[in-house]
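Enquirer: My questions concern the predicted model and sequence given below.
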Amino acid sequence: MRAEEIVYPTPAGLYCAPGDFHIDPLRPVPRALVTHGHSDHARPGHGAVLATRQTLDIMAIRYGEGFTATRQVAEGPLRIGGVTVSFHPAGHVLGSAQILIAPDDGPRILVSGDYCRTPNPVCAPWEPVACDVFITEATFGLPIFRHPDPMAEVARLLSSMAEFPERPHLLGAYALGKAQRLIALVRAAGYEAPIAIHGALKRLCDYHIGQGVDLGPLVPVGDAQLVLAPPSAFATPWVQQFRDPVLSGASGWMTVRARARQRGVELPLVISDHADWPQLTATIRDLAPEEVWITHGAEDGLLRWCAIEGIPARPLRLIGYGGEPE
């Protein structure tokens, strides 16, 4: 059986025919395998969901306990129809996984979801998985995206806080993964004072703490010098309670300074939970698959690199991913 007969795009998303399931489907389906809890990959309303325990917990926090009719924790290799599937850490956010599809007859296909090889204190590290076909994201699939050391970016934040102690620093951070990672990085840099968090971050921060992630003292928004909030809060009256704040944002997109200016970000921090260009190309080299399928991102840049390297590759143009802030 050829790879194209095992896994292929449908209007609902990526479909595995011999297993009769979708991976990160865009609309409700009878059976879904979910790589992680971001809403462009994890959506409610499926008949059954198979995911890591932490991803299932996160979906319940975000969508309610009734987000699916039935749920199953992915533990060890599982037989589904004519394929065996296994989940492997992706290093993206808490509970994130790559999914390996091993058919009885045909190539092993690894669906990466979103992944990152930079060490992340709030989730398990990325794990290399042998495969014949590698389906990779390409969110930052252009050579300009070369993310610096996250601790160096955190040092810039703490330096600004020391230089402007009278100004509250408002750090825009997505509620799942990015906010908790930033807090953990700031703590690792030696910052011990209470950190204020917007109410929209509390439930997921509490969940991370319950999973053993040490975030230190977190308080409601008040007099703390460092305040984390969803980036969308900066465009609401909520921000008006702060006098002369330093607006900061942490994302791989902060590499593009025009984006930072458009968002009114005074202190852009380049901290990403996705693979950058060197990691994308290194991963393809390390896994050495027979073929690469590239999706949701700058497919053309990575396709060109694969062509130069003599690696068979094709675009897998799935619409609807990347809908949440990085």
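Expert: Received it, and whenever you're ready, just let me know what you need.

Enquirer: For the residue nearest the centre of the chain, give me its contacts.
Expert: The residue lying closest to the centre of the chain (Cα atoms, centre = their mean) is His92, at 4.4 Å. Contacts for His92 (Cβ atoms under 8 Å, 6 or more residues apart in numbering) come out as 36, 113-116, 120, 123, 177, 273-274. From N, CA and C alone the C-beta is placed, and that goes for glycine too.

Enquirer: On the pLDDT front, check it for me.
Expert: Listed pLDDT for His92 reads 98.

Enquirer: And for Gly322?
Expert: Gly322 is assigned a predicted lDDT (pLDDT) of 56.

Enquirer: what residue ranges in the stretch 101-250 of the chain are flagged as low confidence?
Expert: Within the stretch 101-250 of the chain, no stretch has pLDDT under 70.

Enquirer: mind checking the longest helix of the chain?
Expert: In the chain, assigned by DSSP state H, the helix with the most residues is helix 150-163.

Enquirer: what are the ranges of the helices in the stretch 201-326 of the chain?
Expert: 202-210, 257-262, 277-287, 299-309 (DSSP state H, counting those that start in this stretch).

Enquirer: Repeat that for the stretch 1-150 of the chain.
Expert: 3-6, 53-63, 150-163.

Enquirer: which one in this structure is furthest away from the centre?
Expert: Distance-from-mean max, the chain, by Cα atoms, centre = their mean: Glu166 at 33.6 Å.

Enquirer: Spit out the contact partners of it.
Expert: Contacts here follow Cβ under 8 Å, 6+ apart; on that basis Glu166 touches Asp244.

Enquirer: That one: what secondary structure?
Expert: Using DSSP: H, G, I helix; E, B strand; the rest coil, the structure places Glu166 in coil.

Enquirer: for it, phi and psi?
Expert: Main-chain torsions, Glu166, degrees, to the nearest 10: phi -80, psi -10.

Enquirer: Check the helices of the stretch 201-326 of the chain for me: which has the lowest mean pLDDT.
Expert: When I compare the helices of the stretch 201-326 of the chain, helix 257-262 is least confident, with a mean of 78.

Enquirer: C-alpha coordinates for that helix, CSV please?
Expert: Extracted C-alpha coordinates of helix 257-262, given in CSV (Å, rounded to 0.1, in the frame of the first residue of the first chain):
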residue,chain,number,x,y,z
ARG,A,257,9.9,43.7,13.5
ALA,A,258,7.0,45.1,11.4
ARG,A,259,4.7,42.7,13.2
ALA,A,260,5.8,43.9,16.5
ARG,A,261,5.2,47.6,15.5
GLN,A,262,1.8,46.8,14.2
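
Enquirer: Flag every buried residue along that helix.
Expert: Of the residues in helix 257-262, Ala260 count as buried by neighbour count, 16 or more other Cβ atoms under 10 Å.

Enquirer: so how far is that helix from its chain's centroid?
Expert: Put simply, helix 257-262 sits 22 Å off its chain's centre (Cα atoms, centre = their mean, to the nearest Å).

Enquirer: by contact count, what packs against that helix?
Expert: Judged by 3 or more Cβ pairs under 8 Å, 6 or more residues apart in numbering; DSSP states H and E, helix 257-262 has no packing partners among the helices and strands.
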